[in-house]
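In: Sequence first, then the predicted structure:
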Amino acid sequence: MYDGLVGYIVHEYRDSDSQAASRLPIGTFFFAEHSIGPGAAGCVQYIVTCRHVIEGFIRDSPPKRMFIRVNSGPHGFAEDFEINVGDWVFVDNVDVAVARWTLPAQRQFWAYPVERRQPFGLFPGQNTFFIGMFAGAPGFVSVQAVVRTGNIARVISEVPLRFKADPEETTPCGVHLVEMHSWGGESGSPVFVFDERFPAETPYAFNPGYGPGNEHRPAILGVLHGQFEIAKPVMNDEREIGSANLNAGIGIVIPMRDIIATLHTPSLVEDRNREFERRKALATDVPRSD
């Protein structure tokens, strides 16, 4: 039921000998929306993921094609839509990537209304869950997202992250630390907090399609960056012969404030303003019946 909120970032590769193309999902994105003006002007939709997912594609060579994969309808199959790398918008020192995107007509999806989210309290121990791709079983003919649960371990802690074009460069970032396991492909997943104090009619509450009779819905915490790893020595008898990185069970969540900051870059604000003027002109030009 969450497959209308999330999709996969897909890279296309070509075999060096046969030149046969194959596509591999490598990360998760989710849909978000932002209003464009007062009244009934409406919204524009975006796709949101982690910057390091996109820059990993940019670092690779030779150049390949990038797609977003979404489920196309109730029959359960997915479609790939090509997206240009240049469509992604970044903000300095933030591991968030945003691109404006509108699916073709008749495609159903849920977009989280990020700017209508209201402040709410966060505290250690609060319940969380995220929705994203599990690389071990991604599902290649459809988006088969998994849900994993956890708890907030620390609210806003500064940690060094690697996400820029130089994979060795680190940037201090304020992030949420969450006790939960994540694995490959889940970068870019939306992370939610669930609190029984959040009623269904709250403006920032997301309707995940639970159906009638449910009084509470989750609010978004941010986007999943990845997890902490701990280096453990690999021993042969009593001799250390190497090391292996083990998942520490602590996830790193880029806070919602960084997504909002990215959505307020000048280029995206100007784009929303243009769209507002375009829709206003269309509404003015529509003939009115007597």
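Out: On my side now, so go ahead.

In: Now do the helices in the chain.
Out: Taking DSSP state H as the test, the helices found in the chain are 51-59, 256-263, 266-285.

In: List the residues that contact V143.
Out: V143 is in contact with 3, 6-8, 69-71, 78, 133, counting by CB atoms under 8 Å, 6 or more residues apart in numbering. No exception for glycine: its C-beta is placed from N, CA and C like everyone else's.

In: Can you give me every residue that contacts E275?
Out: Going by CB under 8 Å, 6+ apart, E275 touches 36, 44.

In: T262 now?
Out: 89-91, 94, 96-98, 268.

In: For the residues you listed, could you give me a markdown table that also reports neighbour count?
Out: Shown next, in a markdown table, are these (neighbours: other CB atoms under 10 Å):
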| residue | neighbour count |
| --- | --- |
| V89 | 19 |
| F90 | 17 |
| V91 | 17 |
| V94 | 20 |
| V96 | 28 |
| A97 | 28 |
| V98 | 25 |
| L268 | 18 |
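
In: and of the residues you listed, the nearest to V159?
Out: Distance to V159 across these (CB to CB) is lowest for V94, with 13.7 Å.

In: what pairs with I252 across the strands?
Out: On the basis of DSSP bridges, I252 is bridged to L177, G226.

In: now A99
Out: Residues in beta-bridge contact with A99 (DSSP bridges): I47.

In: Lowest-scoring secondary structure element of this structure by mean pLDDT?
Out: None of the helices or strands of the chain scores lower by mean pLDDT, DSSP states H and E than strand 239-255, at a mean of 75.

In: and which of the contacts of T262 is nearest H225?
Out: Using CB to CB, V96 is the member of these that lies nearest H225, at 9.4 Å.

In: Distance-wise, check the closest residue to that closest one other than its chain neighbours relative to R14.
Out: Closest residue to V96 apart from its sequence neighbours, by CB to CB, 6 or more residues apart in numbering: T262 at 4.7 Å. Distance, T262 to R14, using CB to CB, to the nearest Å: 32 Å.

In: G37 too?
Out: According to CB to CB, G37 stands 44 Å off from R14.

In: Tell me where the model's unsure across the stretch 1-150 of the chain.
Out: Filtered on pLDDT under 70, the stretch 1-150 of the chain yields the residue ranges 1-3, 16, 39-40, 60-63, 73-76, 105-106, 117-120, 139-140.

In: now with 90?
Out: Along the stretch 1-150 of the chain, segments meeting pLDDT under 90 span 1-5, 11-26, 35-43, 55-65, 70-79, 85-86, 92-93, 101-127, 132-149.

In: before we move on, back to that, how about the helices of the chain in JSON lines, adding distance to F31?
Out: Below are the helices of the chain laid out as JSON lines (distance: least, CB to CB, whole Å):
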{"stretch": "helix 51-59", "distance to F31": "16"}
{"stretch": "helix 256-263", "distance to F31": "12"}
{"stretch": "helix 266-285", "distance to F31": "15"}
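
In: Where among those is average confidence lowest?
Out: Ranked by mean pLDDT, the helices of the chain bottom out at helix 51-59, with a mean of 83.

In: Pull out the buried residues from it.
Out: The neighbour-count criterion (16 or more other CB atoms under 10 Å) identifies 51-57 as the buried residues of helix 51-59.

In: Tabulate the residues you listed in JSON lines, adding columns for distance to R239.
Out: JSON lines is the format used below for the buried residues of helix 51-59 (distance: CB to CB, whole Å):
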{"residue": "R51", "distance to R239": "41"}
{"residue": "H52", "distance to R239": "35"}
{"residue": "V53", "distance to R239": "38"}
{"residue": "I54", "distance to R239": "42"}
{"residue": "E55", "distance to R239": "38"}
{"residue": "G56", "distance to R239": "35"}
{"residue": "F57", "distance to R239": "40"}
